[in-house]
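> build me a structure from this.
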Amino acid sequence: MSAEHAIEPASLAQAKVSPRAAEAPKAVKAARPQAPAAVLVLSYARVVPFVATALIIALSSPSSAATSALAAEMAYGAVLLSFLGGARWGAAIRTGGEQIRFRPLALLLLPTLFSWCVIFMAPKVALAALMAGFLLLALAERLSARQDHGHEWRGGLEVALTILTEMALGASLAALFFA
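Numbering: from 1, shown residues only. The predicted structure is shown next:
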């Protein structure tokens, strides 16, 4: 076959696909919006301290390094949970206008108050409490993401981050029980 009559594989594939089918991937992509790259990178970066401290605890428990890592993990977890609650508070105030009501704002203060209590808990209880706190906050985020038509990717991202956070905290908790 001469070079002028050769059929390229890409053109052969395009010839067999109807125009409607060729547009399907675009429709699927539009139906599943992605978070901006900066949001993805920074969101997943928040899990790094949990993974690092969980590894230190699992690999060196019982030791002073594991004790220090545990204290760091508890403090970081409390700070992050408080921060995430505060971010939701700020978003509620920014978008609430004159319709801001007491009860929703009071509920958004709970992660901060809960985090403060975690600092005073025994390590095993604190890790379990942080796991519950992140799970509840992700559930609240998932419910609010259904109502937020501007950032549909938020709920899915929060689920992924919560799974990673729960796994790291759970690994630390398991290491404490089996040390």
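
> what mean pLDDT does whichever helix in the chain runs longest have?
Longest helix of the chain, by residue count under DSSP state H: helix 64-96. For helix 64-96, mean pLDDT is 90.

> could you list the low-confidence segments of the protein?
Applying pLDDT under 70 to the chain picks out residues 1-33, 97-98, 144-152, 155.

> find the centremost residue of it, please.
L161 (2.4 Å; CA atoms, centre = their mean).

> which element is the closest residue to that residue other than its chain neighbours on?
Among residues not flanking L161 along the chain, S43 sits closest, at 5.8 Å (CB to CB, 6 or more residues apart in numbering). Glycine gets a C-beta too; all of them are placed from N, C-alpha and C. Using DSSP states H and E, the element containing S43 is helix 37-45.

> in that helix, what's buried?
For helix 37-45, the neighbour count (16 or more other CB atoms under 10 Å) marks no residue as buried.

> and the following helix or strand past it, what does it pack onto?
Counting by DSSP H and E, the next helix or strand C-terminal to helix 37-45 is helix 48-60. Under the contact definition 3 or more CB pairs under 8 Å, 6 or more residues apart in numbering; DSSP states H and E, helix 48-60 sits against helix 64-96, helix 153-178.

> check the offset of the longest one from the chain's centre.
For helix 64-96, the distance between its averaged C-alpha position and the chain's averaged C-alpha position is 13 Å (CA atoms, centre = their mean, to the nearest Å).

> quick check: buried residues in it?
66, 69-70, 73-78, 80-82, 84-85, 88-89, 92.

> hang on, the earlier thing: relative to A58, which of the helices and strands packed on helix 48-60 is closest?
Closest approach to A58 among the helices and strands packed on helix 48-60 (CB to CB): helix 153-178, 4.3 Å.

> what sits against the residue nearest to L161?
Contact analysis of S43 by CB atoms under 8 Å, 6 or more residues apart in numbering lists A35, L157, L161.

> hang on, the first one packs against W153?
So that's A35. Yes: counting by CB atoms under 8 Å, A35 does reach W153; the two are 4.4 Å apart.

> give the residues shared as contacts by these two.
With CB under 8 Å, 6+ apart as the test, A35 and W153 reach no residue in common.

> ok, K124 to A66 distance?
13 Å (CB to CB, to the nearest Å).

> please apply the same query to V48.
V48 is 18 Å from A66, by CB to CB.

> over to F134?
From F134 to A66 the distance is 22 Å (CB to CB).

> what of A179?
When A179 is compared with A66 (using CB to CB), they lie 8 Å apart.
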